[in-house]
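Asks: quick one, fold the following:
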Amino acid sequence: MVKDRSIKAFAWGVARMKQKRSNIEIIGEMLRVADHSSAGKTQVIHSANMSPYQLQKYLGFLLGCGLIDCLTAKNSHFQYQVTEKGGELLNIIDSVLQDVESKMAVDP
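Replies: As a prediction, the model looks like this:
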């Protein structure tokens, strides 16, 4: 029984890796990158595993909603930092994703 459950959980994990990420997952990854310190576009692209097109689309959304701030560094490149509102959203996203993953692992 336990072995059967772990096989199902493994199969669910493999299937999940092949699925596209949801908007919430992408937003969470972007907020996570800029949460600990300010991050530039290249760092966000690499850390959140996204294309430049996706970056522009989601940056516009995050900036428009006040979830991140755009800062100018000394070299005139933009850096992005999570706002208090963005940090609160990141905590909610992480909590929901953790709950979903734990429930799916038990009953895939």
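Asks: give me the most central residue, this protein.
Replies: residue 29 (1.8 Å; CA atoms, centre = their mean).
Asks: so what's the backbone phi/psi at the residue nearest to that residue when sequence neighbours are not counted?
Replies: Leaving aside its sequence neighbours, residue 29 sits nearest to residue 48 (CB to CB, 6 or more residues apart in numbering; 4.1 Å). Bear in mind the C-beta positions are built from the backbone N, C-alpha and C, glycine included. When read as degrees, to the nearest 10, the backbone of residue 48 gives phi -90, psi 0.
Asks: dump the residue contacts of residue 48.
Replies: Residues near residue 48 by CB atoms under 8 Å, 6 or more residues apart in numbering: 26, 29, 30, 32, 33, 55.
Asks: after the one helix or strand residue 80 maps to comes which helix or strand?
Replies: Element membership for residue 80 (DSSP states H and E) is strand 78-82. On the C-terminal side of strand 78-82, the nearest following helix or strand under DSSP H and E is helix 84-106.
Asks: what packs against that following helix?
Replies: The contact analysis (3 or more CB pairs under 8 Å, 6 or more residues apart in numbering; DSSP states H and E) places helix 84-106 against helix 2-18, helix 23-35.
Asks: ranking those by mean pLDDT, which is last?
Replies: For these, mean pLDDT drops lowest on helix 2-18, to a mean of 50.
Asks: what mean pLDDT does stretch 77-94 get?
Replies: Per-region confidence: stretch 77-94 scores 92 on mean pLDDT.
Asks: mind exporting that stretch as CSV, just the C-alpha atoms?
Replies: The C-alpha atoms that make up stretch 77-94 are tabulated as CSV, following Å, rounded to 0.1, in the frame of the first residue of the first chain:
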residue,chain,number,x,y,z
HIS,A,77,20.2,49.4,-15.2
PHE,A,78,16.9,48.7,-13.6
GLN,A,79,16.6,46.5,-10.5
TYR,A,80,13.4,45.2,-9.2
GLN,A,81,12.5,44.7,-5.6
VAL,A,82,9.4,43.2,-4.0
THR,A,83,7.1,45.6,-2.2
GLU,A,84,5.4,44.8,1.1
LYS,A,85,2.2,44.0,-0.8
GLY,A,86,4.3,41.7,-3.1
GLY,A,87,5.8,39.9,-0.1
GLU,A,88,2.4,39.3,1.4
LEU,A,89,1.2,37.8,-2.0
LEU,A,90,4.4,35.6,-2.1
ASN,A,91,3.6,34.2,1.3
ILE,A,92,0.0,33.4,0.2
ILE,A,93,1.2,31.8,-3.1
ASP,A,94,3.8,29.7,-1.2
